[in-house]
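**Q** could you look at this predicted model? Sequence included:
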Amino acid sequence: MYKILTEQDFIFKNTNANTPEKGNITWKTPSNIALVKYWGKREPQLPENPSISFTLDACFTLTTLEFDKSDNDESIDFDIFFEGEKKETFKPKIATFFKRIQKYVPFITAYKFTINSRNSFPHSSGIASSASGMSALALCVMSLEKQINPTITGDYFNKKASFLARLGSGSASRSIEGELVVWGKHDDFNESSDLYGIKYPTEIHKNFKNYHDTILLVDKGEKQVSSTVGHNLMHQHPFAKQRFAQAHENLSKLNTILQNGNLKEFITIVESEALTLHAMMLTSNPYFILMKPNTLEIINKIWDFRATTNSSVCFTLDAGANVHILFPEKEAEIINKFIVNELLQFCQNGQYICDGVGFGAKQIKNI
Ligand code: PMV
């Protein structure tokens, strides 16, 4: 039996509920890396195609939400501190997020919030922090809802957290659970929805257990084109329709591969998805390039290495110049050597992050 939740299911209805006076909630939530990419959306933050991602582990955001009842009943009152410093520049994005979720969690207007957040990865590393950041905040708000209404189930909690996170940043909907999350309606997955991400429902082949993702920091500069702008350019894009259809096909193929463990086919889908994402950028109007020369150097080195060693190492890319090197646990030793000896030369200041597949967000008990 499965149930697909609708937008209406996420509206908090218990208006007589007892709201706690004050307290604080902390969540540690991971980043994620898409294997089939989400690129193109429609209002309100709904994906034009389904996507699937590995949940990461070492790249995470730690967020504490302090809440204190306030008389100010209309607006959402909050301060945000990032790595100990008050951050006025982060306020507009979070204010927009709170406004978008207010309909579903109306109790938030009863509080003054203080948000304290930090990332495990360098802020200016070019690693998108919106997925882990927005999912952390969404989970904190859901824990507050759970205090007000303790009867909600774990399944509802996760789905609504993903639903709320999506309204902050699309890919954040995939940062609640692990090891793989599907977001967006797809025929192979009965429970899938455009509204929230679901845990990949089938046991994955052992080849994909403890999969590694070493992130090579090629360029830590500010992106010239934000992902919001990039998504919007898919509206008039000449290849959009084919791209969305291709994502459906690739997710079907990957679904089979994740169960049969075929690493060669995994590589073909994952690398094609990464290059297609960037091909969409290259063919947008206006067009833009987020890869850097060293992104291509790394890709070519990986292809050379594979040609000579028959390794299963492959790459994927986000909307940026950094390269995610994906490889199975059983090849970790030899590929780590290859990375150190041949790839680190292309990283900015030699910087990289050793990450791997993780199991999702965790609430941290406050002392
Ligand atoms: O969540 P957003 O709006 O920052 O979009 C991210 C899109 C990609 O990272 C490029 C692909 C994906 O599916 O994560």
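**A** Cool, the structure landed. Nothing here was measured: the structure is a model prediction, and the numbers come from that model. Numbers count the residues shown, from 1 in each chain.
**Q** from what I see, residue 139 and residue 364 are in contact.
**A** No: counting by CB atoms under 8 Å, residue 139 does not reach residue 364; the two are 10.7 Å apart. Quick note: C-beta positions are derived from backbone N, CA and C, even for glycine.
**Q** between these two, who's got more neighbours?
**A** Taking other CB atoms under 10 Å, residue 139 and residue 364 do not tie; residue 139 has more neighbours (29 against 12).
**Q** hmm, back to that, who touches both of residue 139 and residue 364?
**A** Both residue 139 and residue 364 are contacted by residue 27, under the criterion CB atoms under 8 Å, 6 or more residues apart in numbering.
**Q** can you count the residues close to residue 293?
**A** Residue neighbour count, defined by other CB under 10 Å, stands at 11 for residue 293.
**Q** list phi and psi for it.
**A** Dihedral angles of residue 293 (phi, psi; degrees, to the nearest 10) stand at phi -50, psi -40.
**Q** for residue 93, see how far away it is.
**A** 31 Å (CB to CB, to the nearest Å).
**Q** next: residue 357.
**A** From residue 357 over to residue 93 the distance is 28 Å, taken as CB to CB.
**Q** go on, residue 313?
**A** Going from residue 313 to residue 93 by CB to CB gives 36 Å.
**Q** please state the offset of the longest strand anywhere in the chain from the chain centre?
**A** Ordering each strand of the chain by length in residues (DSSP state E) puts strand 51-69 first. The chain centre lies 10 Å from the centre of strand 51-69; the measure is CA atoms, centre = their mean, to the nearest Å.
**Q** so it, near the ligand or not?
**A** Yes: against the ligand, strand 51-69 shows contacts by CB under 6 Å from any ligand atom at residue 51.
**Q** paired strands for the helix or strand following that strand, with orientation please.
**A** Next along the chain after strand 51-69, taking DSSP states H and E as the criterion, comes strand 77-82. Paired with strand 77-82 in the same sheet, following DSSP bridges, are strand 85-86 (antiparallel), strand 111-119 (parallel).
**Q** and the helices in the stretch 151-300 of the chain, which stretches?
**A** In the stretch 151-300 of the chain, the helices defined using DSSP state H, counting those that start in this stretch lie at 154-168, 227-232, 240-260, 263-282, 293-309.
**Q** between residue 313 and residue 93, which one's more packed in?
**A** residue 313 (23 against 14).
**Q** and that one, what's its pLDDT?
**A** In this prediction, residue 313 carries a pLDDT score of 98.
**Q** is it true that it touches residue 305?
**A** Yes: counting by CB under 8 Å, residue 305 is a contact partner of residue 313 at 6.5 Å.
**Q** any common contacting residues for the two?
**A** Common contacts of residue 313 and residue 305 (CB under 8 Å, 6+ apart): residue 338.
**Q** what parts of the chain come near the ligand?
**A** Where the chain comes near the ligand, counting by CB under 6 Å from any ligand atom, the residues are 34, 37-39, 51, 128, 130, 169-171, 227, 231, 277, 318-319.
**Q** min pLDDT across these, which one?
**A** Least confident of the residues of the chain next to the ligand in the model: residue 128, at 70.
**Q** excluding its backbone neighbours, what's nearest that residue?
**A** When the adjacent residues along the chain are set aside, residue 128 lies closest to residue 318, with 6.1 Å between them (CB to CB, 6 or more residues apart in numbering).
**Q** check contacts around the one you found.
**A** Residue 318 makes contacts with 33-34, 127-128, 324, as judged by CB under 8 Å, 6+ apart.
**Q** quick one: it from residue 227, how far?
**A** Taking CB to CB as the measure, residue 318 falls 9 Å from residue 227.
**Q** need the residues touching each of the two.
**A** residue 128.
**Q** can you pick the most crowded of the residues of the chain next to the ligand?
**A** Busiest of these [other CB under 10 Å] is residue 171, holding 30 neighbours.
**Q** closest residue of the stretch 151-300 of the chain to the ligand?
**A** Proximity of the stretch 151-300 of the chain to the ligand (CB to the nearest ligand atom) peaks at residue 171, 3.2 Å away.
**Q** show the contacting residues for that residue.
**A** If you count contacts by CB under 8 Å, 6+ apart, residue 171 has them with 32, 34, 38, 51, 53, 128, 130-131.
**Q** from those, which land in strands?
**A** Of those, the ones assigned to strands by DSSP E are 32, 34, 51, 53.
**Q** tell me which of these is nearest to the ligand?
**A** residue 34 (3.3 Å).
**Q** my read: the closest one touches residue 51, true?
**A** Yes: contact criterion CB under 8 Å: residue 34 and residue 51 qualify, at 5.1 Å.
**Q** okay, and the common contacts of those two?
**A** Each of 171, 174 lies in contact with both residue 34 and residue 51 under the rule CB under 8 Å, 6+ apart.
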